[in-house]
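Undergrad: Sequence and predicted model, in that order:
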Amino acid sequence: MCKKINIFAPVLFGFYIIASILFSRIIYSNGIALPLWLNLIISQCILLIPALIYVLVMKIDIIKCIPYRKIKLSDAVSSLLIGYCLVPLVLLINVISSVFATNYLNSSTTEISQYPFIIQLLLMAFLPTIAEEFVFRGLFYHSYRKNGILGAAILSGVIFGAIHLNINQFCYACVMGMVFALMVEITGSMFSSMLAHFAVNSYSIIMLKLVSMSGISVQTEQASQQMMSQYSGVIILLQIAILAVTAIAFISIAYLLFMSMAKRNGRWDYFKLNMKKGLRPQNNEHFITIPLAATLLAAAAFMIFQELA
């Protein structure tokens, strides 16, 4: 399974990059201004099209192979809470990576704020959750997991990070992808990772809504930005320190929720046993083959070039 999905990886990345570039050029050359909501939907479709073709060509039975199994209400709540507990870690990684890379998290959140709250949740949290979980936890992690759970989680997380094609999002998406994969493993259902993914993506939208309801003015935001420009080094260090402490606290809570969920599903001992096996392939099959290595190197080069351009 590793060889097959690794051959698909360059197809997915190539199609995603080329289709995105061609689409943008066709739109802009004809003077067409598409609304942001349509651009977001199209970007998810560009990700899904090659994945669905792969499923058809490989004759994958989605119901049997990809675990869309019903989960308990307690697991659903725990999955959401784990997602929200990941947010401080995501913010910490975002702040650190912003020191040497463009911050795409803040810009994307600001642009979408013009739409009604429900539409924001659908575009930024619900749709990406459906598409990305199907591709990266459904196809990639499922294809790797029989060769070792830890290696499968790490590799599928790296691929998930790389598809974002920028250094800033790559850094925290890798971590998210690894955690989401392990959540699928302990519950036997992708609904757990989907709920956690939704929680992480919805956080910034919910916070913006709460800020707007609180009546914080634009002047306040401008004043804070001016202060940050004057004392940027100090502010960044302070942010990192506060977020680091907060992240440790919330990751501890997430771990307890994770352990409790694994025990409820009778998979805690199984999970610990597989973690002890480490990264050693279980089926005498290499996780990384030449097509995947070339794809990840090309994605890294693309991200670096984009940052330097």
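TA: Arrived safely, thanks for sending. Residues are numbered from 1 along each chain as shown.

Undergrad: And residue 104, how far from residue 49?
TA: Taking Cβ to Cβ, to the nearest Å as the measure, residue 104 and residue 49 are separated by 23 Å. Any C-beta I mention is one placed from the backbone N, CA and C, and that applies to glycine too.

Undergrad: Between the two, which has more neighbouring residues?
TA: residue 104 (17 against 14; other Cβ atoms under 10 Å).

Undergrad: What spatial separation is found between residue 210 and residue 129?
TA: Distance from residue 210 to residue 129, counting by Cβ to Cβ: 21 Å.

Undergrad: Just the buried positions in stretch 298-309, please.
TA: 299, 303 (16 or more other Cβ atoms under 10 Å).

Undergrad: quick one on the thing from earlier: and residue 210 and residue 129? which has more neighbours close in?
TA: Neighbour comparison, residue 210 and residue 129: the larger count goes to residue 129, with 23 against 10 (by other Cβ under 10 Å).

Undergrad: Pretty sure residue 202 is one of the things the more buried one touches, is it not?
TA: No. With contact defined as Cβ atoms under 8 Å, residue 129 does not count as touching residue 202 (9.1 Å).

Undergrad: what's next to the host helix or strand of residue 64, contact-wise?
TA: Following DSSP states H and E, one finds residue 64 within helix 62-65. The contact list for helix 62-65, computed with Cβ atoms under 8 Å, 6 or more residues apart in numbering, reads 55, 68, 138, 142.

Undergrad: in the stretch 151-300 of the chain, what spans have low per-residue confidence?
TA: Low-confidence regions of the stretch 151-300 of the chain, defined here as pLDDT under 70, cover residues 215-232.

Undergrad: all helices for it, in order.
TA: Secondary structure of the stretch 151-300 of the chain (DSSP state H, counting those that start in this stretch): helices located at 167-187, 190-214, 218-230, 232-264, 268-276, 290-308.

Undergrad: tally of neighbours for residue 273?
TA: Under the neighbour criterion other Cβ under 10 Å, residue 273 is assigned a count of 10.

Undergrad: If you could redo that for residue 78, that was the one I meant.
TA: Burial measure for residue 78: 24 neighbouring residues, criterion other Cβ under 10 Å.

Undergrad: Assess the claim that it and residue 263 are in contact.
TA: No. Proximity of residue 78 to residue 263 does not meet the contact threshold set by Cβ under 8 Å, at 11.1 Å.

Undergrad: sorry, back to before: please compute how far the helix holding residue 64 lies from its chain's middle.
TA: The offset between the C-alpha centroid of helix 62-65 and the centroid of the whole chain comes to 22 Å, using Cα atoms, centre = their mean, to the nearest Å.

Undergrad: Can you name the element that comes right after that helix?
TA: The first helix or strand that comes after helix 62-65 along the chain, using DSSP H and E, is helix 73-98.

Undergrad: Show me what counts as buried in that next one.
TA: In helix 73-98, counting by 16+ other Cβ under 10 Å, buried: 75-76, 78-98.

Undergrad: quick one: it to chain centroid distance?
TA: Helix 73-98 has its C-alpha centroid displaced from the chain centroid by 11 Å (Cα atoms, centre = their mean).

Undergrad: repeat for stretch 53-72
TA: Here stretch 53-72 shows a centroid-to-chain-centroid distance of 20 Å under the convention Cα atoms, centre = their mean.

Undergrad: first to last residue in it, what's the distance?
TA: The separation between the terminal residues of stretch 53-72, taken as Cα to Cα, to the nearest Å, is 32 Å.

Undergrad: ok, now stretch 154-168?
TA: Across stretch 154-168, the straight-line distance between its terminal residues is 18 Å, by Cα to Cα.

Undergrad: nearest spatial neighbour of the most centrally placed residue in the chain, skipping sequence neighbours?
TA: Averaging the C-alpha coordinates of the chain gives a centre point, and the residue nearest to it by Cα atoms, centre = their mean is residue 173 (4.2 Å). Nearest residue to residue 173 in three dimensions, chain neighbours excluded: residue 161, at 4.0 Å (Cβ to Cβ, 6 or more residues apart in numbering).

Undergrad: what about that neighbour, distance to residue 65?
TA: Applying Cβ to Cβ, the value for residue 161 to residue 65 is 24 Å.

Undergrad: Let me see the mean pLDDT of the helix holding residue 64.
TA: Over the span of helix 62-65, the pLDDT mean works out to 78.

Undergrad: what about residue 240, neighbour count?
TA: The tally of other residues near residue 240 (other Cβ under 10 Å) stands at 15.
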